[in-house]
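Participant: Build me a model:
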Amino acid sequence: MFVVIGLGNPGKDYTNTRHNAGFDTIDILAKRNNIAINKIKFKSVYGEGKIGNEKVMLVKPQTFMNNSGICVREIIQFYKVPVENIIIAVDDIDIDFATVRIKMKGSAGSHNGLKSIIYHLQSDQFPRVKIGVGKKYENQDLADFVLSRFSKEERPEIETILLKAAEAIETIIVEDIISAMNKFNIKTKAQE
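Facilitator: All right, here's what the predicted structure looks like:
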């Protein structure tokens, strides 16, 4: 079983913000794989189904970003899922805009959602699919930036890259993470 957790903040005030790229990826995965996100438990909304031959759980934590790890820990403890079968979809300000970067493991960098997960799991050995959401302007508050929405000009590129993030997650599940990294960790923009 794989658990795919998209990071974001609940509520319509946060819909379509840069910080909710993980939630948006879960929505795309749910639609592509006919999985209804209609269950409430583990401080999350989630759905269960299959991607390829693998049982999957698609999860949107409802704890707000900085406490994402509480939800992840509850799921792992309940299902006894190995940490390497937890895939996190997450926004990233440190990679190029509208790119996807898959990592097998690693530090949280500046991301509070990842920091929370690492703290609650006491491990950084989980895969993550990072979505480049752009860089803040000089002197701009980081929180203001990540909670902002994409511009009209950015939206088509971000829609394309969210789909790529969903495809990357499907590849991790159906094939393996090395195949996904080889296919998706390329330095091209969404429209190229």
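Participant: Could you export the helix or strand of the chain with the lowest mean pLDDT as CSV, CA atoms only?
Facilitator: Lowest on mean pLDDT, DSSP states H and E among the helices and strands of the chain sits helix 142-146, with a mean of 83. What follows is helix 142-146 as a C-alpha-only set of coordinates in CSV (Å, rounded to 0.1, in the frame of the first residue of the first chain):
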residue,chain,number,x,y,z
LEU,A,142,7.8,34.3,2.7
ALA,A,143,4.4,33.5,4.3
ASP,A,144,2.7,36.2,2.1
PHE,A,145,4.4,34.7,-1.0
VAL,A,146,3.5,31.1,-0.4
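Participant: which other residues reach it?
Facilitator: 17-19, 91, 93, 110, 133-134, 136-137 (Cβ atoms under 8 Å, 6 or more residues apart in numbering). Where C-beta positions appear, they are placed from N, C-alpha and C, glycine not excepted.
Participant: Could you identify the helix or strand that succeeds it?
Facilitator: Once helix 142-146 ends, the next helix or strand along the chain (criterion: DSSP states H and E) is helix 155-174.
Participant: Could you say which helix or strand holds residue 90?
Facilitator: Counting by DSSP H and E, residue 90 is part of strand 86-92.
Participant: helices or strands up against that strand?
Facilitator: For strand 86-92, the elements it packs on are strand 2-6, helix 21-32, helix 68-79, helix 112-121, strand 128-132, helix 155-174, judged by 3 or more Cβ pairs under 8 Å, 6 or more residues apart in numbering; DSSP states H and E.
Participant: And the contacts of helix 142-146, which of them are buried?
Facilitator: When the contacts of helix 142-146 are checked for burial by 16 or more other Cβ atoms under 10 Å, the buried set is 17-19, 91, 93, 133-134, 136.
Participant: Adding distance to residue 37 and pLDDT, write those out as CSV.
Facilitator: Listed next are the buried ones among the contacts of helix 142-146 as CSV, based on distance: Cβ to Cβ, whole Å; pLDDT from 0 to 100:
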residue, distance to residue 37, pLDDT
17, 18, 90
18, 21, 90
19, 18, 90
91, 19, 94
93, 26, 90
133, 22, 91
134, 26, 88
136, 30, 79
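Participant: Make CSV from the helices and strands packed on strand 86-92 and add mean pLDDT and mean neighbour count to it.
Facilitator: Rendered in CSV, the data for the helices and strands packed on strand 86-92 read as follows (pLDDT from 0 to 100; neighbours: other Cβ atoms under 10 Å):
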stretch, mean pLDDT, mean neighbour count
strand 2-6, 97, 26
helix 21-32, 96, 23
helix 68-79, 95, 19
helix 112-121, 93, 21
strand 128-132, 94, 26
helix 155-174, 95, 20
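Participant: Can you lay out the ones you listed as CSV showing distance to residue 106?
Facilitator: As requested, those are arranged in CSV below (distance: least, Cβ to Cβ, whole Å):
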stretch, distance to residue 106
strand 2-6, 16
helix 21-32, 17
helix 68-79, 16
helix 112-121, 9
strand 128-132, 8
helix 155-174, 15
